[in-house]
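1. Task: produce atomic coordinates for the following.
(chains A and B)
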Amino acid sequence: MTGGATTDLTRLTASELSGLLAAREVSSVEVTRAHLDRIAAVDSGVHAFLHVSDAALAASASVDSARGDGDALGPLAGVPVAIKDVLCTHDMPSTAGSRMLEGWIPPYDATPVARMRAAGLIPLGKTNMDEFAMGSSTEHSAYGPTRNPWDLDRIPGGSGGGSAAAVAAFEAPLALGSDTGGSIRQPGAVTGTVGVKPTYGGVSRYGAIALASSLDQVGPVTRTVLDAALLHDVIGGHDPRDSTSLTDAWPSFAEAARTGALADSLRGVRVGVVKELDSPGFQAGVTQRFHEALELLTSAGAEIVEVSAPHFEYAVAAYYVILPAEASSNLAKFDSVRFGLRVTPPGGGTVEQVMSATREAGFGAEVKRRVILGTYALSAGYYDAYYGSAQKVRTLIQRDFASAFEQADVLVSPAAPTTAFRIGEKVDDPLAMYLNDVTTIPANLAGVPGMALPMGLAPEDGLPTGFQLMAPAREDARLYRIGATLERLLGERHGAILDQAPSLV
Amino acid sequence: MSEITTETVTHLAELARIALSEEEIATLTGQLGAIVDSVAKVSEVATPDVPATSHPIPLHNVVRPDVPGPTLTTEEALSGAPESDGTRFVVSAILGEEQ
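-> Got it, this is the predicted structure:
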């Protein structure tokens, strides 16, 4: 591979860029400028970004200068990254896709952001998302939808559609997302990219604007399994500022991905197909590509076993009780006093009336829907029937996972039931929208890690489909190892999926 | 069918401090009814013998040494406030005239 003018730097993976930067064949300024140019060229159509950093070139120059001084730098130093707008950044607005926080610049960085800066990554900007991460299409952003780079009339998934679209459109090699019920994995599936939801507590939530605290996890959004592992290595690990942060010592995920990519077989690996997530109701091309991927795994020596998770059919219902309940509490902080919007009713009013007018003006329809639903689920007389029952379902789903993982090392399913649907198709039908996350929600309820990676294009519409791998809690390395092997097998079959996407210019 | 009425939604909106319009209340009443009917299926399997799970990976007694660390300055804490006097957040009256 050669650097310089002959190579389009935006087409390289983060791992390839890392090699060129370390060898000083390219500078971080060149890499960063190439991505800023790409953003300028395509983002008016894609709308992946809500804000593009004006400090990226300066940051990249300072990494170049540190490298010139011979400083010891991490593998991703000088590599640009896009940041989902749910994460606080002290130098860029952090709106979580809401009018409520329009223009708000937090006084601190989220821990994953701070760790990326310390490792020399270059923040390119903030990516679009469904408001407060509520949605599966990015249509609920107060700033307009992001468009799928495969077809600008289609959704890029959500809530992290901006991050997935940014990496799929080669506007950034890496992005950060957050996954509460699938917001990293489902956008990965429908854009032909890789997304990982780490084990709950594996990455700090400090500075991530909370949606549902017992479900939220920050994770990597990339084009390859190795790139996801490299980014996970930077952002993960214990953070005393998050009381749910695990104190485990984590292995190198990049090492796991490299081992997996080189593995010549999957002999001895038991792959559990979750019967309830291999549904006849899914799009035919998704099911077809999923079964072809299973054949690839079998031909590589893996043992495929069918496992049953009988309570997964209750997962979406439990999720849409627990999430609104937690969200209604978390969003109480948007009270017009300490940050964000303030709207005073005509003629003035008490602080409570100002608060109500502010929340009426500042929240979009989906946020209001979920806050009201959560308020209902937590109200006296309904608490046991809804929230209490949903928490019991959560136990049953954890038990299903425990029993499935006795029979299999990893569990697999399609990462999303369909390919990308058209913008506007489901936006007025909340229940239909909620079903987009049927395959991803169980992992959040149980706290186990999950990965989505591209498994080919659906024959009927030529759009990307995603394969989901899940591992037991704390076994994220297993996802990277087996995921990298499967990625190589799929690559031999289908080539690089994103090479088939429209050029956009 | 659920018991979500416009009165329920009006009451919930007051509790949630969102000044919904009449139109929003009407739309939400129908939508919430459908959602509540759909999520009510959680009670089918939530038998008394099943314990509740609130956190996927529970940690207990998370404490840290009682040592002051870096905190926000007053200026930083007030930097995003809609209104402040430089040392405090400014809000409108807490109590209405009738209170």
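
2. Give me the next element, helix or strand, following the helix or strand hosting A:Ala229.
-> Counting by DSSP states H and E, the secondary-structure element that holds A:Ala229 is helix A:225-235. Toward the C-terminus, helix A:225-235 is succeeded by helix A:253-262 as the next helix or strand (DSSP H and E).

3. Give the buried residues for whichever helix or strand comes after that following helix.
-> Downstream of helix A:253-262, the first helix or strand assigned by DSSP H and E is strand A:270-274. Of the residues in strand A:270-274, those buried under the neighbour-count criterion (16 or more other CB atoms under 10 Å in any protein chain shown) are A:Val271, A:Gly272, A:Val273, A:Val274. All C-beta atoms are positioned from the backbone trio N, CA, C, and that covers glycine.

4. show me the contacts for the first one.
-> With contacts defined as CB atoms under 8 Å, 6 or more residues apart in numbering or on different chains, A:Val271 is in contact with A:Leu294, A:Leu297, A:Ala302, A:Glu303, A:Ile304, A:Val305, A:Ala408, A:Asp409, A:Val410, A:Leu411, A:Val412.

5. Put together JSON lines for those, with secondary structure, distance to A:Thr13 and pLDDT on each row.
-> Supplementary listing: the contacts of A:Val271 in JSON lines, determined by DSSP: H, G, I helix; E, B strand; the rest coil; distance: CB to CB, whole Å; pLDDT from 0 to 100:
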{"residue": "A:Leu294", "secondary structure": "helix", "distance to A:Thr13": "26", "pLDDT": "98"}
{"residue": "A:Leu297", "secondary structure": "helix", "distance to A:Thr13": "23", "pLDDT": "98"}
{"residue": "A:Ala302", "secondary structure": "coil", "distance to A:Thr13": "25", "pLDDT": "98"}
{"residue": "A:Glu303", "secondary structure": "strand", "distance to A:Thr13": "31", "pLDDT": "98"}
{"residue": "A:Ile304", "secondary structure": "strand", "distance to A:Thr13": "30", "pLDDT": "98"}
{"residue": "A:Val305", "secondary structure": "strand", "distance to A:Thr13": "33", "pLDDT": "98"}
{"residue": "A:Ala408", "secondary structure": "coil", "distance to A:Thr13": "30", "pLDDT": "98"}
{"residue": "A:Asp409", "secondary structure": "coil", "distance to A:Thr13": "27", "pLDDT": "98"}
{"residue": "A:Val410", "secondary structure": "strand", "distance to A:Thr13": "24", "pLDDT": "98"}
{"residue": "A:Leu411", "secondary structure": "strand", "distance to A:Thr13": "27", "pLDDT": "98"}
{"residue": "A:Val412", "secondary structure": "strand", "distance to A:Thr13": "24", "pLDDT": "98"}
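
6. Can you lay out those residues as a markdown table showing distance to A:Ser243?
-> Conversion of those to a markdown table gives the following (distance: CB to CB, whole Å):
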| residue | distance to A:Ser243 |
| --- | --- |
| A:Leu294 | 40 |
| A:Leu297 | 39 |
| A:Ala302 | 38 |
| A:Glu303 | 40 |
| A:Ile304 | 40 |
| A:Val305 | 38 |
| A:Ala408 | 32 |
| A:Asp409 | 31 |
| A:Val410 | 30 |
| A:Leu411 | 29 |
| A:Val412 | 33 |
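
7. Between all of those residues, which two are separated the most?
-> Maximum pairwise distance in the contacts of A:Val271, criterion CB to CB, is 14.6 Å, between A:Leu294 and A:Asp409.

8. any idea how far the spatially most distant residue from the centre of chain B lies from chain A?
-> Within chain B, the residue lying farthest from the chain centre (CA atoms, centre = their mean) is B:Val67, at 31.6 Å. When distance is defined by CB to the nearest CB, to the nearest Å, B:Val67 is 11 Å away from chain A.

9. A strand includes A:Asp71, no?
-> No - residue state for A:Asp71 (DSSP: H, G, I helix; E, B strand; the rest coil) corresponds to coil; a strand is not indicated.

10. pLDDT score assigned to it?
-> Predicted confidence (pLDDT) at A:Asp71: the value is 94.

11. cool, and A:Ala432?
-> The pLDDT attached to A:Ala432 in the predicted structure is 86.

12. Do me a favour and get the backbone dihedrals for A:Lys84.
-> Backbone dihedrals for A:Lys84, given as degrees, to the nearest 10, come out at phi -60, psi 140.

13. Identify the bridge partners of it.
-> In this entry, A:Lys84 is beta-bridged to A:Thr127, by DSSP bridges.

14. The most centrally placed residue in chain A and chain B: what is the separation?
-> Nearest to the geometric centre of chain A sits A:Ile184, at 2.0 Å (CA atoms, centre = their mean). In this structure, A:Ile184 lies at 16 Å from chain B, with CB to the nearest CB as the measure.

15. same question, A:Ile304
-> For A:Ile304, the distance to chain B equals 27 Å [CB to the nearest CB].

16. Nearest to chain B among the buried residues of strand A:270-274?
-> Of all these, the one sitting nearest chain B is A:Val274; the distance, using CB to the nearest CB, is 17.5 Å.

17. What are the phi and psi values at the residue in the stretch 1-150 of chain A positioned nearest to chain B?
-> The minimum distance from the stretch 1-150 of chain A to chain B, using CB to the nearest CB, falls at A:Pro107 (3.8 Å). Note on A:Pro107: backbone dihedrals following degrees, to the nearest 10 are phi -80, psi 10.

18. picking up where we left off before, state whether the residue farthest from the centre of chain B is indeed within a strand.
-> No - remark: B:Val67 does not belong to a strand; assigned using three-state DSSP, it is coil.

19. Can you name every helix or strand that whichever strand or helix holds A:Leu50 contacts?
-> Under the criterion of DSSP H and E, A:Leu50 resides in strand A:49-52. On a contact count with 3 or more CB pairs under 8 Å, 6 or more residues apart in numbering or on different chains; DSSP states H and E, strand A:49-52 meets helix A:28-46, strand A:122-127, helix A:161-168.

20. got the contact list for it?
-> Outside of strand A:49-52, the residues within contact range by CB under 8 Å, 6+ apart are A:36, A:39, A:43, A:82, A:85, A:92-93, A:95, A:97, A:124-128, A:141, A:143, A:162, A:166, A:171.

21. Could you list the low-pLDDT ranges of chain B?
-> Scanning chain B with the threshold set as pLDDT under 70 gives B:1-2, B:98-99.

22. quick one, what contacts the closest residue to chain A within it?
-> Residue nearest to chain A within chain B (CB to the nearest CB): B:Pro56, separated by 2.5 Å. Under the criterion of CB under 8 Å, 6+ apart, the neighbours of B:Pro56 are A:Tyr200, A:Ser214, A:Leu215, A:Arg394, A:Gln398, A:Asn444, A:Leu445, A:Ala446, A:Gly447, A:Val448, A:Ala473.

23. does it sit in a helix, a strand or a coil?
-> Each residue gets one of three states, and B:Pro56 gets coil by three-state DSSP.

24. Format the buried residues of strand A:270-274 as TSV; extra columns: pLDDT and distance to A:Arg11.
-> Conversion of the buried residues of strand A:270-274 to TSV gives the following (pLDDT from 0 to 100; distance: CB to CB, whole Å):
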residue	pLDDT	distance to A:Arg11
A:Val271	98	32
A:Gly272	98	36
A:Val273	98	34
A:Val274	98	35
